[in-house]
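Undergrad: all I have is the shape, not the residue letters:
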Ligand code: ADP
Ligand code: MG
């Protein structure tokens, strides 16, 4: 089962546009805007090129079919079922990259957190606080060091039976990168893609950087406005996929060490990077690590900027 994320970013080009239409009226030049539900979220494509949206949607669907653990025949689903699989070079690349983020983040970023999402009911949207003994039973399955990568044959294998992966923290970012590659192959140099909070700004909007507004995590309105060109921006937060129990908020990003939803006092992380996969992975990792360690991690990557909002920075109701 997948659920739909609300948008975490607001694209300024869309202000004049009401629906999925071509709009000329209040702008000097036409921009085409189309939205589709893909990868469990709204994917919005804005471009002066009419064909851009179709190229992006097709590519995102292809990547979703490879990587989603909610699609029965995806490579990730088959790997989770059998514990060993020869995968495509692309899937292999993504899993390999996530292992690098696992080590770089000292284990905070961990795609083997999937059983925790199941245990806490995020996968089936049947939220619950599990018994401590159930958390302890699941913890030995977790740890990306249990993923063995056989480089020469593109075979991925889990050391421990029962280990499962979920690429939800990088899938949209990677799909953005694939889409941008396809757009460039078709000589499209101007396009803005927003996949539920993961954005890629390709080129410019008729010579000016694309303007992206970051939604405030706790109240209506914008918190930040970014002007970007050939950059990706990703926001991870606790304000879309979460449940409340006895006044406490439990969000969908886990601390793999404790087996519980991350409790780092961060409410929202926005990461700007040169590519979608890096922005997506780092925003999730920093959400788990918290502000101080998160900033240290971000500094180790060239051209990466992280904007972190903590609990104390937002009003409490
Ligand atoms: P979203 O998918 O809502 O945009 P993220 O990119 O931050 O948000 O990814 C969150 C998803 O990543 C979760 O839904 C879950 O599938 C997975 N996940 C949860 N905790 C972790 C973690 N510590 N490391 C890697 N992936 C995680
Ligand atoms: Mg992410």
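TA: Thanks, I have it. Predicted model only: the values in this text are computed from it and were never measured. Ligands and ions are numbered 1, 2, ... in the order given.
Undergrad: helices or strands next to the host helix or strand of residue 279 in the packing?
TA: Element membership of residue 279, judged by DSSP states H and E, is helix 276-289. Using 3 or more CB pairs under 8 Å, 6 or more residues apart in numbering; DSSP states H and E, the elements in contact with helix 276-289 are helix 89-104, helix 171-185, strand 198-202, strand 231-237, strand 266-273, helix 291-299, strand 305-310. C-beta: built from backbone N, CA, C; applies to glycine.
Undergrad: which stretches of the stretch 51-200 of the chain have low pLDDT?
TA: Counting by pLDDT under 70, not a single residue of the stretch 51-200 of the chain qualifies.
Undergrad: which parts of the chain sit against ligand 1?
TA: Residues of the chain found near ligand 1 (CB under 6 Å from any ligand atom) are 5, 109-111, 113, 117, 166, 168-169, 196-197, 236, 241, 252-254, 256, 280, 283-284, 288.
Undergrad: and ligand 2, which of the residues you listed reach it?
TA: When contact is defined as CB under 5 Å from the ion, those meet ligand 2 at 169, 280, 283, 284.
Undergrad: please name the nearest non-neighbouring residue to the last one.
TA: Counting by CB to CB, 6 or more residues apart in numbering, residue 284 lies nearest to residue 169, which is 4.0 Å off, once chain neighbours are set aside.
Undergrad: which ones are touching the spatially closest residue to residue 160 that is not a sequence neighbour?
TA: Among residues not flanking residue 160 along the chain, residue 146 sits closest, at 5.0 Å (CB to CB, 6+ apart). Contacts for residue 146 (CB atoms under 8 Å, 6 or more residues apart in numbering) come out as 112, 158, 159, 160, 163.
Undergrad: pull the most distant pair out of the residues you listed.
TA: 112 and 159 (10.5 Å; CB to CB).
Undergrad: what is in contact with the two at once?
TA: Here residue 112 and residue 159 have 146, 147 as joint contacts, going by CB under 8 Å, 6+ apart.
Undergrad: tell me which of these two has more neighbours.
TA: Neighbour count, other CB atoms under 10 Å: between residue 112 and residue 159, residue 112 has more, with 22 against 11.
Undergrad: relative to ligand 2, how far out is the closest residue to the more buried one other than its chain neighbours?
TA: The shortest distance from residue 112 to any non-neighbouring residue, by CB to CB, 6+ apart, is to residue 142 (4.9 Å). Taking CB to the ion, to the nearest Å as the measure, residue 142 and ligand 2 are separated by 18 Å.
Undergrad: next, count neighbours for residue 142.
TA: Residue 142 has 24 neighbours, counted by other CB under 10 Å.
Undergrad: may I have the phi/psi pair for it?
TA: With angles defined as degrees, to the nearest 10, residue 142 sits at phi -100, psi 140.
Undergrad: what does the one 10 residues further on give?
TA: For residue 152, the backbone dihedrals (degrees, to the nearest 10) come out as phi -70, psi -30.
Undergrad: separation between it and residue 200?
TA: 32 Å (CB to CB, to the nearest Å).
Undergrad: compare these two (neighbour count), which wins?
TA: Comparing residue 152 with residue 200 by other CB under 10 Å, the one with more neighbours is residue 200, at 28 against 5.
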